[in-house]
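>>> My questions are about this predicted structure, shown below with the sequence.
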Amino acid sequence: MPAPLAAVRLLTPWDVLGIEVAAGVGAAGLVAVALSARGAARGGPEREEEGKGLDRRRFLEQGVLAVFAAALVGLVTSGVDYVVTSTGRSGRVYRLGSAEALRSRLRRSAEPYYDPVGGFYLVAYPAGDLPEAERVYRGVELVGMREGFVALDQACTHAGCRVPFCSRSQWFECPCHGARYSAVGELRRGPAPRGLDRYEVRVEHGEVVVDTARKLPGPAPGTDTTAQGPAGPHCN
Ligand code: FES
């Protein structure tokens with residue numbers, strides 16, 4: 001994904017709301033200026049003199065209406081953006097390609113694999129910590145971990161903000177109220193009620209498949225199967 005697009009994807013819903021309201025107010029200003037120019041162009045000096053009071057009132061009314069309309073559009077689009085970006089487009093099955101290639105990519109890179117359409121991260125589960133995972137996790141989560149993968153929902157379990165990965169600390173760090181999660185999505189600090197939610201991840205015919213039809217609740221606070229401390233300074 002190109003860097004500017006990646007930056008947009010990491011904006012929180014409040015960033016998006018601010019940008020869109022600002023854009024709405026800016027658009028309203030442009031509409032008001034256009035209406036004013038059109039009013040001034042209509043008729044000669046006498047007509048302008050006669051209708052001055054009426055034009056000014058109409059201009060003000062139209063300006064106020066334009067501001068409200070633009071703000072409303074901004075709020076509605078922000079709401080839609082919030083829902084789409086915090087939940088991702090769930091309910092689909094994502095085929096991510098060769099499991100071997102993804103394992104080696106995650107081993108080499110200090111970043112998780114991010115799917116902006118599905119709204120999830122694919123991270124590596126360390127093989128050395130599997131005995132601990134076997135003690136704590138069950139079912140499809142454990143199946144994915146045995147294959148070396150965990151698929152994490154991008155939404156913070158506190159209030160739904162998108163949680164970016166901090167490459168300095170190697171943790172997921174929520175910019176909204178400071179929740180922090182380890183690289184496998186287990187809650188380390190902050191107000192979130194549990195670790196990051198996750199999806200079933202399995203390997204079919206050598207290919208990684210993430211099924212977002214059912215969101216699995218993140219692990220309870222205190223779950224720490226990897227004992228991963230921060231690798232460096234925190235981002236938030
Ligand atoms: S939304 Fe993430 S800490 Fe509040």
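That came in fine, so what should we check first?

>>> Format the CA atom coordinates belonging to the top strand by length along the chain as PDB.
Looking across the chain with DSSP state E, the single longest strand is strand 207-216. Included here for strand 207-216 are C-alpha records, laid out as PDB according to Å, rounded to 0.1, in the frame of the first residue of the first chain:
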ATOM      1  CA  GLU A 207      -2.800 -20.900   1.700                       C
ATOM      2  CA  VAL A 208      -3.700 -18.700   4.600                       C
ATOM      3  CA  VAL A 209      -7.400 -18.100   5.000                       C
ATOM      4  CA  VAL A 210      -8.900 -15.600   7.300                       C
ATOM      5  CA  ASP A 211     -12.700 -15.900   8.000                       C
ATOM      6  CA  THR A 212     -14.300 -12.700   9.200                       C
ATOM      7  CA  ALA A 213     -17.800 -14.100   9.500                       C
ATOM      8  CA  ARG A 214     -17.500 -14.500  13.200                       C
ATOM      9  CA  LYS A 215     -15.500 -12.200  15.500                       C
ATOM     10  CA  LEU A 216     -13.900 -14.100  18.500                       C
END
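
>>> Sort out which residues of that strand are buried, please.
208-212, 215-216 (16 or more other CB atoms under 10 Å). Yep, even glycine has a C-beta here, placed from its N, CA and C like the rest.

>>> quick check, nearest of those residues to the ligand?
When the buried residues of strand 207-216 are compared for distance to the ligand (CB to the nearest ligand atom), K215 wins out at 16.3 Å.

>>> got a list of what the closest one touches?
Taking CB atoms under 8 Å, 6 or more residues apart in numbering as the contact definition, K215 lies against 90, 153, 197-199.

>>> ok, back up a step: so what strands line up beside the longest strand of the chain?
Sheet pairing for strand 207-216, assigned by DSSP bridges, gives strand 93-98 (antiparallel), strand 198-204 (antiparallel).

>>> I'd like to know which of those strands is closest to M145.
M145 sits nearest to strand 198-204 of all the strands paired with strand 207-216, at 8.8 Å, using CB to CB.

>>> what does the chain put close to the ligand?
Within the chain, the positions adjacent to the ligand are 156, 158-159, 161, 174, 176-179, 190-192 by CB under 6 Å from any ligand atom.

>>> picking up where we left off before, would you mind putting the buried residues of strand 207-216 into CSV with distance to S169 alongside?
CSV is the format used below for the buried residues of strand 207-216 (distance: CB to CB, whole Å):
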residue, distance to S169
V208, 26
V209, 30
V210, 25
D211, 29
T212, 27
K215, 25
L216, 25
